[in-house]
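*Asks:* fold the following, please.
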Amino acid sequence: MPATLSPPPPPTDITDSHGPQQIAPFLLDTLPSRRECRLAWIFIGLSSLFFVGAALFAQVRLPAKPAFIGMYQTAMAINDLVTAVLLLGMCFVRRSLPLLVLGCGYLFTSILATVHMLTFPGLLSESGLLGAGPQTTAWLYMIWHAGFPLCVIAYCQLENTRASALPPLLLPAAIGAVPLLALGAILLTTLGSARLPAIMAGNGYTDSMRLAIGSVCLTTLVALGLAWRQHRRSKLSLWLLVVMWAWLLDISLSALLNAGRFDLGFYAGRLYGLLSSSILLGALLVNALRDHVTMLAAQREIRRQGEEIADLYHNAPCGYHSLDENGIVQAINDTELRMLGYRREELIGRVHIRDLLSPASQATFDLNFPAFLHSGAVHDLDLELRGKDGRYLPVLVSANLVGTPGTPALRTRSVVVNNKERKEAEQALLSAKEDLELRIAERTRQLRQLASDATLAEEGERRAIARDLHDDIGQLIHVARMKLEAMGRSHDSDARQNLALQLDLALSDASTRIRSLTSQLSPPVLDRLGLVPALAWLASEMERTYDLTVEAIDDGQPKPLNASQAAILFRATRELLINVLKHARALFAIVETRLDDGHLILQVSDQGAGMDHLEIALSGSTGFGLISIRERVTHLGGSLHIQSAPDQGTIVTITLPCPQHAHHGNPQP
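*Replies:* Purely as a prediction, here's the structure:
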C-alpha cells in the first residue's frame, strides 16, 4: 500500500501504560518567581489591613440577608469542587499522595459547604432542610473549617517526607471515602445535634462557641505555620499559604470577633471565605492557561519542525529510501524520485530494490544484503540504479538498520549519493593520464631525436673541420714542410730566397684559413662586441661565402644579454639562414632585432618557397633543425613562432626575456 514518510512524532508528555513519561511542569514542580512572591505578600498585606478595619466594627448589627448565604456558599462550593477535580486529576497523572490528600480536602469542603447552605435556617425553609436543628449549621461550620486545615497539615507532612508513589487503588478508595465522611458529619449534626453542646443561642454565640471556634483557629494556625515553612518550595505551597491566611481571617471575623449572625464580621468573614476558595483555583487556572498557551506554541513549533524536517528529507541533496527486511521499498524521498524518474506510488510497497539495479549491481546486492541484515550497517557501496527511462545512474549507498530482525518494524535507512560526476571525473582523469603518457612518450621521442640530431650535427661539424684541416690547412702545412726541406738542400741564395717567399705565402694562407674556420665556429666579434655586431658580421659572411644577401636591421636599443643567451641566438640565426639557403631557395633574407617591453625580438624572414606543414617541420623529421632551436630557446624562457605559407615565404620569430641585469656571464649589448 502506498505510503509516505512522515517526520517522527514528538515525545509524549503524559504517563501511559508503558510507564511514566516526561510530564509537563505543574505548580508542585516549579519554584515561585519573585513576582509571584511579591504578589502573594501584597495580597496578605492588603487583606490584613482590611481585616483590621473590619475587626473594629465586627459586632455592628446589619440587616439579615439569608440569600447572601445562598449566593456565597454556592460560589464557594463550585470553586472548591472545581479545585478538587483539578487536583485529583493531576493526582491521577502524577500518582502523588500529597495531591490526593489536598484534593480530598477541597472535595470535603465543597460537600459540607453545600449541606451548610441547605440547612441554614431561613434560606430554603424556616429551620433548614435535611431535618436540621438550631445547632446543625453551626456545627457543620466547625467541622467544615476544621477538616480542611487538617488536610493541609497532612499535605505538608507528606510533602516534607516525599511520600512514595500512590498505590493504584488508593485514589478511588479515597475519593469514595470523602462523601462517607461528609455523610457522617451530616448525620452527626442533624440526627445527633441534641447530643452536641449548644454553641448558638438564636443568632448569637454561647460560651461553648468560643471554645469550639478557638480549637478551629488553633488547627488553622498549625496548618498556616506548616505552609509557611515550605512556601518557597513550590508555587502550590506559596498559594496554599495565602489560602490558609484568608481562611484564618474568615474564621476570625465570622465566628471569633463578631457577636453572631448577620453582623459586620459575619458578612466580611464570608468574603474572606470566598477568597480562600478562589485563590488556589485561580492559580491552577492561570497555570492551566499558561500550559495551554505553551502547548499551542509547542504544537505550532512541532508542526513547523515537522514541515522543516519533511522539506529537508524530501529536498536533501542526496536520495533517501527505506526497505523492509525483504528489500521492498517502503519510503523514498523526492530527490531520489527525481534521480530515477518514478512517481512515489510506482515504488512504495510494490518494487524490490533489486529490480532497480543493473545486472552487475544485482550481484553486488545479493552478496551484501544478507551481511548487511546481520551487521546492521554498510558504507559507500558502489551500485548502479536503473531509471525509468532505462539509463543507469552510478551511486554510492550507505545504510543502517533500524528495528529488530523478525519484526514488522525492521527497516533500513539508506542514503543514496549521485556518483555520476565522480565517475565522469575519474574517467576524465584516466583519459588525461593516458593523454599525458602519450605526450610524454612523444616528447621523449622528440628529445631522443633531438639528441640524435645534435650528435649527428656535432659529428658532421667535426668531419667538416677535419676535412678543412686535412684538405686545406694540412696541404698548406705539407707544402710549407716541403719548401723548408728544399731550402735546407739548396745552397743558392736566390733559390733559398724564392723558397722563403713561397713558404711565407703558404703559412699566410694557412693562417687565413684557420682564422676563417675559427670565425665560423665562434666569431670573435660576438665575444668582443655583442650579438648585434655579430649578426651584422654574419650577414656579410653569408653573402661572401654563399652569395645570400642578408640585411641586418636593429632598433638601436641596448640588448642586455649574457654570453650564453647571445651564443644561442647567434647560432639559431645562423641555422635559420642556412635553412633559407638550403630549403627556401631565396637569394635575400632579413634579420631584425628589437627590444619590446623587456623582451628581445629576433626575426628572420625570407620570400622563398615557404612551408605548408608546420607541424611536420617542428617534429624534427624534415631536417630543418627547428625543433632544436625551439628547445634551446624554450630552455632560456623564450618562445619560437613560425608564420609560413607555400610560395609566400617564412617568418621565424624568437622572443626572449631580456632582463636589465643578466644573471649568468657577462652582459651583451
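*Asks:* how about the strands in the chain?
*Replies:* Here the chain has its strands, by DSSP state E, at 200-201, 204-205, 319-323, 329-332, 377-386, 392-402, 411-418, 549-554, 588-596, 599-606, 639-644, 650-657.
*Asks:* thought Glu543 was touching Phe588, still the case?
*Replies:* No. Assessed by CB atoms under 8 Å, Phe588 is found out of contact with Glu543, at 10.0 Å. Every residue, glycine included, has its C-beta placed from N, CA and C.
*Asks:* shared neighbours of these two, anything?
*Replies:* Here Phe588 and Glu543 have Thr549, Val550 as joint contacts, going by CB atoms under 8 Å, 6 or more residues apart in numbering.
*Asks:* return the list of helices and strands in contact with whichever helix in the chain runs longest.
*Replies:* For the chain, the helix with the greatest residue count under DSSP state H is helix 264-314. On a contact count with 3 or more CB pairs under 8 Å, 6 or more residues apart in numbering; DSSP states H and E, helix 264-314 meets helix 34-56, helix 66-94, helix 235-251.
*Asks:* state the mean pLDDT of the last one.
*Replies:* Helix 235-251 shows a mean pLDDT of 94 in the predicted model.
*Asks:* hey, what's the angle from it to helix 34-56? Just curious.
*Replies:* Here helix 235-251 points in a direction 10 degrees away from that of helix 34-56 (axes from the mean of the first three to the mean of the last three CA atoms, to 10 degrees).
*Asks:* what residue in the chain is the furthest from its centre?
*Replies:* Asp492 (114.9 Å; CA atoms, centre = their mean).
*Asks:* any chance you could read off phi and psi for it?
*Replies:* phi -90, psi 130 (degrees, to the nearest 10).
*Asks:* so what's it scoring on pLDDT?
*Replies:* So, for Asp492, pLDDT stands at 74.
*Asks:* tell me how far it lies from Leu499.
*Replies:* 10 Å (CB to CB, to the nearest Å).
*Asks:* surely Leu150 touches Leu218?
*Replies:* No. Counting by CB under 8 Å, Leu150 sits too far from Leu218 to count as a contact (11.6 Å).
*Asks:* more neighbours, those two?
*Replies:* Between Leu150 and Leu218, counted using other CB atoms under 10 Å, Leu150 has the larger neighbour count: 16 against 12.
*Asks:* buried ones in stretch 496-515?
*Replies:* By neighbour count on 16 or more other CB atoms under 10 Å, the buried set for stretch 496-515 is Leu499, Gln502, Leu503, Ala506, Asp509, Ala510, Arg513.
*Asks:* for stretch 387-399, same thing?
*Replies:* Under 16+ other CB under 10 Å, the buried positions of stretch 387-399 are Tyr392, Leu393, Pro394, Val395, Leu396, Val397, Ala399.
*Asks:* any low-confidence regions in the stretch 401-550 of the chain?
*Replies:* 404-409, 446-476, 478, 512-513, 515-522 (pLDDT under 70).
*Asks:* residues in contact with the closest residue to Ser193 other than its chain neighbours?
*Replies:* Leaving aside its sequence neighbours, Ser193 sits nearest to Gly133 (CB to CB, 6 or more residues apart in numbering; 4.2 Å). Taking CB under 8 Å, 6+ apart, we find Gly133 in contact with Ser127, Thr190, Ser193, Ala194.
*Asks:* and Gly133, what's its pLDDT?
*Replies:* Model confidence at Gly133 (pLDDT) stands at 90.
*Asks:* how far away is it from Arg261?
*Replies:* 15 Å.
*Asks:* please apply the same query to Glu126.
*Replies:* 15 Å.
*Asks:* over to Gln330?
*Replies:* From Gln330 to Arg261 the distance is 77 Å (CB to CB).
*Asks:* out of the two, which sits in the more crowded spot?
*Replies:* Arg261 (23 against 15).
*Asks:* not counting its neighbours along the chain, what's nearest that one?
*Replies:* Closest to Arg261 by CB to CB, 6+ apart is Asn203, at 4.0 Å.
*Asks:* how about low-confidence regions in this structure?
*Replies:* Those would be 1-29, 162-164, 404-409, 446-476, 478, 512-513, 515-522, 613-625, 659-669, if you go by pLDDT under 70 across the chain.
*Asks:* returning to what we had before: quick one, what contacts the residue nearest to Arg261?
*Replies:* Contacts of Asn203 by CB under 8 Å, 6+ apart are Ala64, Gly260, Arg261, Phe262.
*Asks:* brilliant, that's me finished.
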